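Q: all I have is the shape, not the residue letters:
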C-alpha cells in the first residue's frame, strides 16, 4: 500500500499538481467536497497570483480545522499550475473536471473565455470574482458563469464616475483626455466597450495604449503618454506590468495622483518596490485588507498558529490574500446554500452548487457569521443576476500603505444593464442558446 501511494504521489507531482488536506487523491473518501485550484505561482504573474492562491487554500484548511468541513462534509483540493497561460489553464481544467463536484475559479480572464463554451456541457460553474466576461452577469444566457461582485464594465464605469466627481460634474469631462494603458489580452480589452460608451456620453477623448504581455517593456507606451499628455491614465494591468507602469510614470514625470488602476492593479506587490515613487497612485478595491477581520483571525488561529499556513504569516490579510479568502468563502457558502435545499451533510454535485451560487444571500448577519463584516458589502445573486453587487471604492497609496480615499460607488445600471443584455443576446444568437425559462430558474 505504501509503495502504491508513493507511485501515485510521484505521478501527481509529475503532472504538475499539488494535493493537500489529504495524503493523495487515491485516499480521498467518498464524502468530500473537492475544489480544483487553478493557480500561477511561477512566471511574471506569480507575485500577484501567489497571495491570491494562498488565501484560497488557507480558507479551505481553516474550515476543515475549525468546523470539520461543511456540515460534516470534508473539503479537499488540488492545485494545478497554469502560469496564467490560457492553454495550460484549459489543460488543468480537462485534467481536474472529472474529479470536482463543486466549481472552477480560473483566476484569469483568458482562461475564462476558453472555458465558457465548455462548462455548459460539463455542467460545472465558473466563479470569476471581479474578472472574466462582463456580459456573463446575465444569468438568463450564461447559466454557468458567475462574475461575482463586479466586472470590468462595472470597474470602468466607477472610475469614470469618480473622475467626473473630481472634475466637479460629469459634464466637466468634455474635452478631457483619458488614456487607457492596458494589458494587451482579453483582460485588458474587456473595459473598452464601456469606456467607448461613456466617451460618447461625456465627450472626453479616449486614448487606447496597449502593452504587450507580460508588461516588462513599456517605453513606447509611456512615450505616447508623454506625447499625448492625458488628464488621467487608467491602468488595466496585472502582475509585473503594474509596478513597471508606475516606475515608467515616475521616469516620465507623469503624476501618479492622476493614475487610476483597476482592482487587480491595487495590491501590495504593485507598489511595494516603487514605494514613495508610487505615492498618490489610486486604484479600485472590492475589499478591505488587514488582519483585524474575524475571518483572518480564525485563519491565523486555526491554520498559521498550528504551522499549517500556505505562505508567509505576515502576508495573511494583504489585499490579494483577502480576495482569495473571499472567493473561497463564497464558493463554500454556495455549497452550504445548496445543502439547505438538497440535503445537509451531503456531498453536493456541481449542478447543485450552481444553484447555490445563483441563490446566495449575504446580508449583514450572514457576513458577521462568516467573519466578513466590513470586508465586503452585502450582496445577493439571482437567476437573472449572476454578479450580485456592482460596488467598489477608490484607495490611494500613501507611499507605505493603502488608504481608502472615496466612499462606495455603484456602477450605473442604466448604462450597464442594456450593454449586458445586448452582449448576452449577441452571444446567445451566435451560440444558438435559448434564454432560460422561469421554470429553469427554479431548477
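A: Happy to help now that I have it. As the structure is a prediction and not an experimental result, all values here were calculated from the model.

Q: per-domain residue ranges of the chain.
A: 2-150+292-380+421-442, 152-285+392-411 (automatic domain parsing).

Q: how long is the last one end to end?
A: From its first residue to its last, domain 152-285+392-411 covers 11 Å (Cα to Cα, to the nearest Å).

Q: pLDDT on it, on average?
A: Here domain 152-285+392-411 scores 97 as its mean pLDDT.

Q: chain center to that domain: distance?
A: 18 Å (Cα atoms, centre = their mean, to the nearest Å).

Q: right, and residue 246 touches residue 269 too?
A: No. Counting by Cβ atoms under 8 Å, residue 246 does not reach residue 269; the two are 11.5 Å apart. Quick note: C-beta positions are derived from backbone N, CA and C, even for glycine.

Q: OK, contacts around residue 126?
A: 103, 104, 105, 106, 112, 115, 116, 119, 132, 144, 145, 146 (Cβ atoms under 8 Å, 6 or more residues apart in numbering).

Q: the closest residue to residue 108 other than its chain neighbours is in what secondary structure piece?
A: With sequence-adjacent residues excluded and distances taken as Cβ to Cβ, 6 or more residues apart in numbering, residue 108 is closest to residue 84, at 5.4 Å. Assigned by DSSP states H and E, residue 84 belongs to no helix or strand.

Q: tell me the pLDDT of residue 84.
A: 95.

Q: now residue 12
A: Residue 12 is given a pLDDT of 37.

Q: hmm, back to that, now tabulate the domains of the chain in a markdown table and tack on distance to residue 386.
A: Formatted as a markdown table, these follow (distance: least, Cβ to Cβ, whole Å):
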| stretch | distance to residue 386 |
| --- | --- |
| domain 2-150+292-380+421-442 | 4 |
| domain 152-285+392-411 | 13 |
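
Q: ok, residue 266 to residue 166 distance?
A: 17 Å (Cβ to Cβ, to the nearest Å).

Q: looking at those two, which one has more neighbours?
A: Between residue 266 and residue 166, counted using other Cβ atoms under 10 Å, the more crowded position is residue 266 (25 against 17).

Q: skip the chain neighbours and tell me the closest residue to the more buried one.
A: Distance criterion Cβ to Cβ, 6+ apart; nearest residue to residue 266, sequence neighbours excluded, is residue 283 at 2.6 Å.

Q: what helix or strand is that neighbour located in?
A: Applying DSSP H and E, one finds residue 283 within strand 282-285.

Q: show me what secondary structure element comes after the host helix or strand of residue 393.
A: Using DSSP H and E, residue 393 sits in strand 391-397. Using DSSP H and E, the next helix or strand after strand 391-397 towards the C-terminus is strand 402-404.

Q: follow-up on the earlier one: which one's more surrounded, residue 246 and residue 269?
A: Per other Cβ under 10 Å, whichever of residue 246 and residue 269 has more neighbours is residue 246, with 27 against 21.

Q: mind checking the SS state of the more buried one?
A: Under DSSP: H, G, I helix; E, B strand; the rest coil, residue 246 falls in the helix class.

Q: I'd say residue 284 and residue 391 touch.
A: No. Applying Cβ under 8 Å as the test, residue 284 and residue 391 come out as separate, 10.3 Å apart.

Q: more neighbours: which of these two?
A: The neighbour count for residue 284 versus residue 391, taken as other Cβ under 10 Å, is higher for residue 284 (25 against 17).

Q: any weak-confidence spans in the stretch 1-150 of the chain?
A: 1-30 (pLDDT under 70).

Q: and the residue lying closest to residue 361 once chain neighbours are set aside, how far from residue 39?
A: Of all residues not flanking residue 361 in the chain, residue 380 sits nearest, at 4.3 Å (Cβ to Cβ, 6+ apart). Per Cβ to Cβ, residue 380 is found 29 Å from residue 39.

Q: more crowded one of these two?
A: Applying other Cβ under 10 Å to residue 380 and residue 39 shows that residue 39 carries more neighbours, namely 24 against 13.
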